[in-house]
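S.K.: quick check, what structure comes out for this input:
(3 chains)
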Amino acid sequence: MPSDLIHEYMRIDHLPQIWCPGCGNGVIMRDVAVAIQELIDDPEYDFDRDDFVIVSGIGCSSRAAGYLDFNSIHTTHGRAIAFATGIKFANPKLNVIVLTGDGDCSAIGGNHLIHAARRNLGLTVICFNNDIYGMTGGQYSPTTPNGDKATTAPYGNVDRPFDIANLATGAGASFAARGDVFHAKETTEIIKKAILHKGFSLVDVYSICPTYYGRKNKKGDAVEMLKWQKENLIPTARYYSMSEEDRAGKKQIGILSFNDYPEYTDEYAKIIAACSKKAKK
Amino acid sequence: MSKAVLMQGNEAAVEGAIAAGMRFFAGYPITPSTEIAEQSALRLPQMGGKFIQMEDEISSIAAVLGASVAGMKAMTATSGPGFSLMQENIGYGVMAEIPCVIVDVQRAGPSTGLATSPSQGDYMQARWGTHGDHPMIALSPSSVLETYTLIIRAFNLAEKYRTPVIFLMDEIVGHMREGVELPNPNDLIINRRKMSFHDGANKECYFVPEGEYVPRMKPFGQGERYNITGLAHDISGFPVNSNEIAGKLVTRLLDKVDKNVDNIVRVEEYAMDDAETAIVCFGGTARAAMSAVLAARAEGKKVGMFRPITVWPFPEKQLLARLPQLKNILMVEHNHGQMLLEVQRVTRCEKPVHFLGRVDGTVISPNDILAKLNEMEGAHHAE
Amino acid sequence: MSNRYEMRFAGSGGQGVILASVIIAEAAVISGLNTVQSQAYGPEARGGVSKAETVLSRDKIWYSKVTLPNFLLALTQASLEKYTREMADGAIVMMDDSLTMPADLDPARVISIPILQTAKEKVGKAFTANIVAVGAINKALQLFSDKELMEGVKRHIPAGTEEINQKALAEGAALISDEQSAAFAQKIG
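M.R.: All right, here's what the predicted structure looks like:
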């Protein structure tokens, strides 16, 4: 029940949120809240609300931390993953969820993203990927497609974009996935799996920014942009049933890479145990 | 056989921090601070604590702040170039009121400078490195034993005032080895941040009672739920666009240190009772200054040493108290004149303030100081 | 600056002169002396110039650096030539005998002994040269008891290498004659 969700897990006195009409971020925030709610409510698991920590950086995406009624920390631009690393390593029982954006986690925070992926410390990183810097008014980001326009790319973007899920996979992430705003139900399931994953997990969720990216690039209104997601972002099962030809220009939604590499805090706990054993001798 | 052990300054910083309860270290290798990371990596797991080598200094301070939010006493260590990188998040720690200790083992700059050479060129950066108006506490040790005891105080102040504390070392002390007999752990005073008794959502986590300056939220994961932000915020920890609330917040942050300055400031004075010349110095420079004072006294000159141990805030009251008896002041520091500006500001140059500094990475010797004292005497007689 | 015995240890990076300086300082602490040890080095871990200093005194030591050394250990020609230029009157120089003694040194104050060769051939490991030197230094200057010195060594070597280091100390001491000991013995003030 959405209204229950809002009352139980969102800070209603801080709503409505600051995002523009048509922005996809509210949907992603709801996906995260539903995923957490379902995990807390699921008798199969033993999740405690107070063990969830939401960490965010700076940007449109990162305001989500304040709206979610958990322990929340809105940090500095690009550094959410690094703050989260300290929180999780200090207290591994906490479920630390990083809410970040394409600029926050792959430009200014790109170094932290790849090293967190490599380290495999059990964070869950949800990237609200809207292909643009929204908070500062529509500058191109590392995921803005080549040739697209932004206030700092008035003649078209010369840069080639990152695919953040693939970037994380390349950096050794043990769980990398892609979601989007249109496929909210599927994305919620992916986020649940990401939270349940023991090691580092990243979900690159394609948001929509009709205000800046959409308008600058004549992508239409929010409905048009969602329609584009519906037609071009394809859930895994269907994606695999498609021919190579049909896949052209389309992207897979789902878990893209998965490994059970040893988790960092578990490995470090072994070192502590070995040291204290030695000390006792 | 003596109970003392030979210990390096950098090593003493780790042992002192551990005695203070530090159980989390995040850092990135940089000369001349690297031994602090190495020693932490070795010692912390033995104490059930945690060490992590991060990808840079920005993430190191971020991880330290995160660990402190999760309830651990946390520290990082670096030198000039890394200290510069940490500045934004140090300001975050001030704004969000997160206790931690940042060790800066200063080396000669600017930029990459002379990586293995001593300097005290980060004195002003320690105070003003991060942007915006903010309080700052910085302590500077001058011996290996003092490194041990003073870093405990750094943690105590960080916890008490919920703010990052800069532990401003220099290469002289960091890489120096001396015989030390460490204090009995039972004799140490160890502070812990005050915490609320609140459970569940707390919409007043940054509430501070009248007459107090420091809020009392629990660490994350202990049943109290709240928001932290680096934006100007109200007592609920949520961003506000109110100039009035923002002004009140920054004023309270500044007052935390300003109104408690007597509790925070410590000075060492040597042979100051009848001194007519005060050598002002801090950190490793005090070693040469003490030798010079002893030599000058042996010649019957009324010279004393005034050493701020708390270098920020600058010990204004203590220096002003000595001003009437002084004929002049000699500021000695391994930079181009940074604490000098504080001495000039505080004394309003009512007495001549002379300066001896170094920016070439070499160490100021007692003879350099004695020569300067002679020069000052000559100038005084010529007047 | 009285009552200070200032020692300088110089060589190239990797020869272990810093460790030699640290061990002397550690033995000093064990014996109840005051000491301050410090070092300067270039960015290279191997090669380059390496210089370490140990100051000994019965009094509290303030200034931590050597001003005019009373003793110099030099293991390379470059460091020998550089650091013999500024020494206290009557300073003692210990040098490896493979080096050429600068003409202006007083031979009566120079101990030229085969430190590097002894480490390589008698101890059997070239990297023990610094410990050989420490053994020779202590025999010549008579600073610490054998027990204090060995304890100083033990605190700074990997477990399991005590035997070879003990041997290096002994071989170093054997390079110094009793006459030299009598001539160079120091009383730390």
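
S.K.: tell me how many other residues crowd the residue of chain A found nearest chain C.
M.R.: Distances between chain A and chain C by Cβ to the nearest Cβ are smallest at A:Lys278, namely 12.8 Å. (Each C-beta comes from the backbone N, C-alpha and C, glycine too.) Residues contacting A:Lys278 under the criterion other Cβ atoms under 10 Å in any protein chain shown number 10.

S.K.: who's the closest spatial neighbour of the residue of the stretch 51-200 of chain A found nearest chain B, skipping the chain neighbours?
M.R.: The stretch 51-200 of chain A approaches chain B most closely through A:Gly86 (2.6 Å), counting by Cβ to the nearest Cβ. Distance criterion Cβ to Cβ, 6 or more residues apart in numbering or on different chains; nearest residue to A:Gly86, sequence neighbours excluded, is B:Gly66 at 2.6 Å.

S.K.: can you report how many residues lie near the one you found?
M.R.: As a burial measure, B:Gly66 scores 35 neighbours (other Cβ under 10 Å).

S.K.: now do A:Phe200
M.R.: When neighbours are defined as other Cβ under 10 Å, A:Phe200 has 30 of them.

S.K.: kindly report the same for C:Ile131.
M.R.: Neighbours around C:Ile131, by other Cβ under 10 Å: 30.

S.K.: how close does the spatially closest residue to A:His77 that is not a sequence neighbour get to A:Gly137?
M.R.: In space, and not counting its chain neighbours, A:His77 is closest to A:Ile58: 3.7 Å by Cβ to Cβ, 6+ apart. When distance is defined by Cβ to Cβ, to the nearest Å, A:Ile58 is 14 Å away from A:Gly137.

S.K.: how about C:Ile164?
M.R.: For C:Ile164, the distance to A:Gly137 - Cβ to Cβ - is 69 Å.

S.K.: ok, the closest residue to C:Ala88 other than its chain neighbours - contacts?
M.R.: Spatially, and ignoring its direct neighbours in sequence, C:Ala88 is nearest to C:Leu68 (4.1 Å; Cβ to Cβ, 6+ apart). The contact partners of C:Leu68, by Cβ atoms under 8 Å, 6 or more residues apart in numbering or on different chains, come to C:Glu6, C:Glu86, C:Met87, C:Ala88, C:Ala91.

S.K.: before we move on, back to that, so after the helix or strand that the residue nearest to A:Gly86 is a member of, what's the next helix or strand?
M.R.: Under the criterion of DSSP states H and E, B:Gly66 resides in helix B:57-69. Following helix B:57-69 in sequence order, the next helix or strand is strand B:73-78 (DSSP H and E).

S.K.: can you give me the helices for chain C?
M.R.: Per DSSP state H, chain C carries helices over the ranges C:17-31, C:77-83, C:115-117, C:129-141, C:146-154, C:162-173, C:178-184.

S.K.: for A:Gly24, which of the ones you listed is the nearest?
M.R.: Nearest of these to A:Gly24, taken as Cβ to Cβ: helix C:17-31 at 59.9 Å.

S.K.: what's the angle from the closest one to helix C:146-154?
M.R.: Helix C:17-31 runs at 130 degrees relative to helix C:146-154, counting by axes from the mean of the first three to the mean of the last three Cα atoms, to 10 degrees.

S.K.: wait, does the top strand by length along chain C contact chain B?
M.R.: In chain C, taking DSSP state E as the definition, the longest strand is strand C:47-57. No - counting by Cβ under 8 Å from any Cβ of the partner chain, chain B has no neighbours in strand C:47-57; the shortest distance is 8.6 Å.

S.K.: against which helices or strands is that strand packed?
M.R.: If you count contacts as 3 or more Cβ pairs under 8 Å, 6 or more residues apart in numbering or on different chains; DSSP states H and E, strand C:47-57 packs onto strand C:5-13, helix C:17-31, strand C:34-41, helix C:77-83.

S.K.: and these, which one is worst for confidence?
M.R.: For the helices and strands packed on strand C:47-57, mean pLDDT drops lowest on strand C:34-41, to a mean of 90.

S.K.: the residue nearest to B:Glu224 when sequence neighbours are not counted: what's it in contact with?
M.R.: Spatial nearest neighbour of B:Glu224, chain neighbours left out: B:Lys218 (4.2 Å); criterion: Cβ to Cβ, 6+ apart. Residues counted as contacts of B:Lys218 (Cβ under 8 Å, 6+ apart) are B:Gly71, B:Met195, B:Ser196, B:His198, B:Glu224.

S.K.: before we move on, the earlier item: give me the subset of the contacts of C:Leu68 lying in strands.
M.R.: Of these, the ones assigned to strands by DSSP E are C:Glu6.

S.K.: pull out the buried residues from the contacts of C:Leu68.
M.R.: C:Glu6, C:Met87, C:Ala88, C:Ala91 (16 or more other Cβ atoms under 10 Å in any protein chain shown).
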